[in-house]
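*Asks:* give me the fold of what follows.
(one chain, ligands or ions: 2)
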Amino acid sequence: MKTALTELCQAIVHQPEMHCKWLNTLSLMENTGARKISASEHPVHVDLTMLKHAAEEFRHAFYLKKLIGRLDTNSCPTYAPEYLLAPRASRFYLHQLDIAVCRMLLQEDRIDRARMQKGAYLLVTYAIEVRADELYGTYQQALDGVQSRVNVKSIIAEEEGHLEEMQQLLQQFDPAWKTLADRACRLEEQLYNNWIEAVAAEVGHLADTPTTVQ
Ligand SMILES: [Fe+2]
Ligand SMILES: [Fe+2]
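*Replies:* Ligands and ions are numbered 1, 2, ... in the order given. Alright, predicted model coming up:
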């Protein structure tokens with residue numbers, strides 16, 4: 001059975017103008033993530049894993065932006081709202097998730113500032129990587145279905161690596177990490193559902209997309 005995301009991706013790859021905006025929107029969200037990681041780096045004690053993670057998220061933002069050129073060289077020059085899908089929801093998804101996860105951690109006993117910052121970084125990133133895995137995988141299937149010139153396979157490979165790193169770091173952070181991670185994923189799911197609904201409303205034609213379409 002097709003999911004809402006599958007239908008959305010299939011509708012997007014059939015509409016070049018929407019497809020450019022979709023790539024630009026994903027680029028914006030990757031860039032927001034990269035900037036957040038950079039901002040939370042310790043000025044002295046930042047390690048190789050975190051530097052790599054920030055560098056790869058910046059690369060995703062750059063690469064997605066570059067892919068727009070394969071569809072239309074003049075499309076979506078900036079992250080201005082008219083070049084994005086669901087600009088508000090796309091812009092604030094990550095910030096809202098950050099706030100929700102910080103609130104969740106504040107309910108914990110004996111939480112100090114350093115632990116909260118670290119926990120929020122790990123849990124937010126974990127939830128996003130779980131989502132990225134699903135989203136880019138489904139998007140790539142839709143791209144394969146139309147033999148698109150666009151592909152996101154290199155992003156998928158790097159996001160899988162990030163998810164594994166986050167799992168390892170969360171295990172060190174808290175033995176009961178899975179409970180916290182599941183709660184973070186539930187918070188993320190609400191924001192994701194709002195986002196996908198807003199994107200689908202703009203893409204339109206979803207109800208008209210024939211189910212046999214590749
Ligand atoms: Fe990414
Ligand atoms: Fe990532």
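
*Asks:* run the chain-centre distance for the longest helix belonging to the chain.
*Replies:* Secondary structure of the chain per DSSP state H: the longest helix is helix 113-145. Computed by C-alpha atoms, centre = their mean, to the nearest Å, the chain-centroid distance of helix 113-145 equals 6 Å.

*Asks:* please name every helix or strand in contact with that helix.
*Replies:* If you count contacts as 3 or more C-beta pairs under 8 Å, 6 or more residues apart in numbering; DSSP states H and E, helix 113-145 packs onto helix 4-13, helix 16-40, helix 87-106, helix 153-173, helix 177-203. C-beta coordinates here come from the backbone N, C-alpha and C atoms, glycine included.

*Asks:* how much space is there between the residue of the chain found nearest ligand 1 and residue 28?
*Replies:* Relative to ligand 1, the nearest point of the chain is residue 60 (3.9 Å; C-beta to the ion). In this structure, residue 60 and residue 28 are 11 Å apart, going by C-beta to C-beta, to the nearest Å.

*Asks:* in the longest helix of the chain, which residues are buried?
*Replies:* Within helix 113-145, the residues that qualify as buried are 119-132, 135-136, 138-140, 142-143, counting by 16 or more other C-beta atoms under 10 Å.

*Asks:* can stretch 156-172 be found next to ligand 1?
*Replies:* No - Stretch 156-172 lies out of reach of ligand 1 by C-beta under 5 Å from the ion, never closer than 5.5 Å.

*Asks:* contact partners of that stretch?
*Replies:* By C-beta atoms under 8 Å, 6 or more residues apart in numbering, the residues outside stretch 156-172 that reach it are 49, 53, 56, 59-60, 122-123, 125-126, 129-130, 132-133, 136-137, 140, 177, 180-181.

*Asks:* dump it to PDB, keeping only the CA atoms.
*Replies:* This file holds the C-alpha atoms of stretch 156-172, laid out as PDB (Å, rounded to 0.1, in the frame of the first residue of the first chain):
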ATOM      1  CA  ILE A 156      21.300   8.300   1.900                       C
ATOM      2  CA  ALA A 157      24.700   6.600   2.500                       C
ATOM      3  CA  GLU A 158      25.900   9.500   4.700                       C
ATOM      4  CA  GLU A 159      22.600   9.700   6.700                       C
ATOM      5  CA  GLU A 160      22.900   6.000   7.500                       C
ATOM      6  CA  GLY A 161      26.300   6.700   8.900                       C
ATOM      7  CA  HIS A 162      25.000   9.600  11.000                       C
ATOM      8  CA  LEU A 163      22.200   7.400  12.500                       C
ATOM      9  CA  GLU A 164      24.700   4.700  13.500                       C
ATOM     10  CA  GLU A 165      26.900   7.400  15.100                       C
ATOM     11  CA  MET A 166      24.000   8.900  17.000                       C
ATOM     12  CA  GLN A 167      23.000   5.400  18.300                       C
ATOM     13  CA  GLN A 168      26.500   4.800  19.700                       C
ATOM     14  CA  LEU A 169      26.700   8.300  21.300                       C
ATOM     15  CA  LEU A 170      23.300   7.900  22.800                       C
ATOM     16  CA  GLN A 171      24.300   4.600  24.400                       C
ATOM     17  CA  GLN A 172      27.100   6.400  26.100                       C
END
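
*Asks:* from the middle of its chain, how far away would that stretch be?
*Replies:* Worked out by C-alpha atoms, centre = their mean, stretch 156-172 lies 14 Å from the chain centre.
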